[in-house]
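# would you be able to build a 3D model of this:
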Amino acid sequence: MAAETRLFLCLKDNYGVLLHDSETGATASIDAPEAAPIEEALKATGWKLTDILVTHHHHDHTAGIVALKREYGCRVVAPAKEAGKIPEVDRTVHEGETVSVGNLNGKVIETPGHTLGHIAYWFPKDHLAFVGDTLFSIGCGRVLEGNAEMMWRSLVKLRDLPNETQIYCGHEYTEANIRFALSIDKENPVLQARAAQVEQLIDEGEPTIPVSIGDEKLANPFLRADVADLAVDIGMAGKPPAEVFAEIRGRKDRF
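Okay, the predicted model is just below:
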């Protein structure tokens, strides 16, 4: 496979990710939480930064852009609906457009809810999706600018990606997300297995992502708001999925 990735921590619990095309040498940073860890990862790999693919405007995803653009002259791609809040943008993109990193071709998926213009980048041939703060492993982003129905629709878009798709999210929140998920879905065997796996990964000092969409949609309660048994368990039997999702998200916010 031509696509390679490099995952590393930035700031406190942000993830930085480099996406590299081994055929052309092109390399994209998915968001830019801060410049120094990205530069360290580039030096460690010998890759040259050609692109920054921005998922949304929050500072902990954009703070490194100016320094990286100055150093590498890289192209900055950003969601059209948030471009005015993101520095140094060279190209704006909407739903369904294609973004290329060398010979790697990604599709833009609009996933509003956390922010109104949030996007994800899906590279179907490489089975990779970079989902920012819309979806986390066993969690999802807070609904800050949109509403619950909007966020639910965005999560369903990501849930509908092929099962083998490996997702890279913006933060290492898995352990805390699992604690919450077990409080409302404790009999779920897939969630129980994921909890054991994550405990081992953390003990070994390893990241808990990437993770497949196939596994997430069986274990992540935020992707299961249309599962009747879960709705019953939280006292929302017969309610529309967006309302069930809103209840789950509200409980997580208070957890």
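# contact partners for the residue lying closest to residue 208 once chain neighbours are set aside?
Nearest non-adjacent residue to residue 208, counting by C-beta to C-beta, 6 or more residues apart in numbering: residue 174, 3.9 Å away. Backbone N, C-alpha and C define where each C-beta goes, glycine included. Residue 174 makes contact with 136, 137, 138, 139, 198, 208, 209, according to C-beta atoms under 8 Å, 6 or more residues apart in numbering.
# one more time with 6 Å, if that's ok
Residues near residue 174 by C-beta atoms under 6 Å, 6 or more residues apart in numbering: 137, 138, 198, 208.
# what's the answer for residue 180, then?
Counting by C-beta under 6 Å, 6+ apart, residue 180 touches 252, 255.
# that one: what secondary structure?
Under DSSP: H, G, I helix; E, B strand; the rest coil, residue 180 falls in the helix class.
# just to revisit the earlier point, pull up the gap between the residue nearest to residue 208 and residue 74, please.
30 Å (C-beta to C-beta, to the nearest Å).
# do residue 42 as well
11 Å.
# please enumerate the strands of the protein.
Taking DSSP state E, the strands of the chain run over residues 3-10, 14-21, 27-30, 51-53, 75-79, 91-93, 98-101, 104-110, 119-123, 128-132, 135-136, 139-140, 166-169, 211-212.
# quick one, helices of this protein?
35-45, 59-62, 65-72, 148-159, 174-184, 189-203, 213-219, 228-233, 241-254 (DSSP state H).
# can you list the buried residues in the third one?
Of all the residues in helix 65-72, those buried under the rule 16 or more other C-beta atoms under 10 Å are 65, 68, 69, 72.
# ok, so of these, who is nearest residue 241?
Distance to residue 241 across these (C-beta to C-beta) is lowest for residue 65, with 36.0 Å.
# which residue comes closest to that closest one once chain neighbours are left out?
residue 32 (4.7 Å).
# quick one: contacts for the one you found?
So residue 32 contacts 52, 64, 65, 68 (C-beta under 6 Å, 6+ apart).
# got it, and residue 149?
For residue 149, the contact set (C-beta under 6 Å, 6+ apart) comprises residue 242.
# go again with 10 Å.
113, 143, 240, 241, 242, 243, 245, 246 (C-beta atoms under 10 Å, 6 or more residues apart in numbering).
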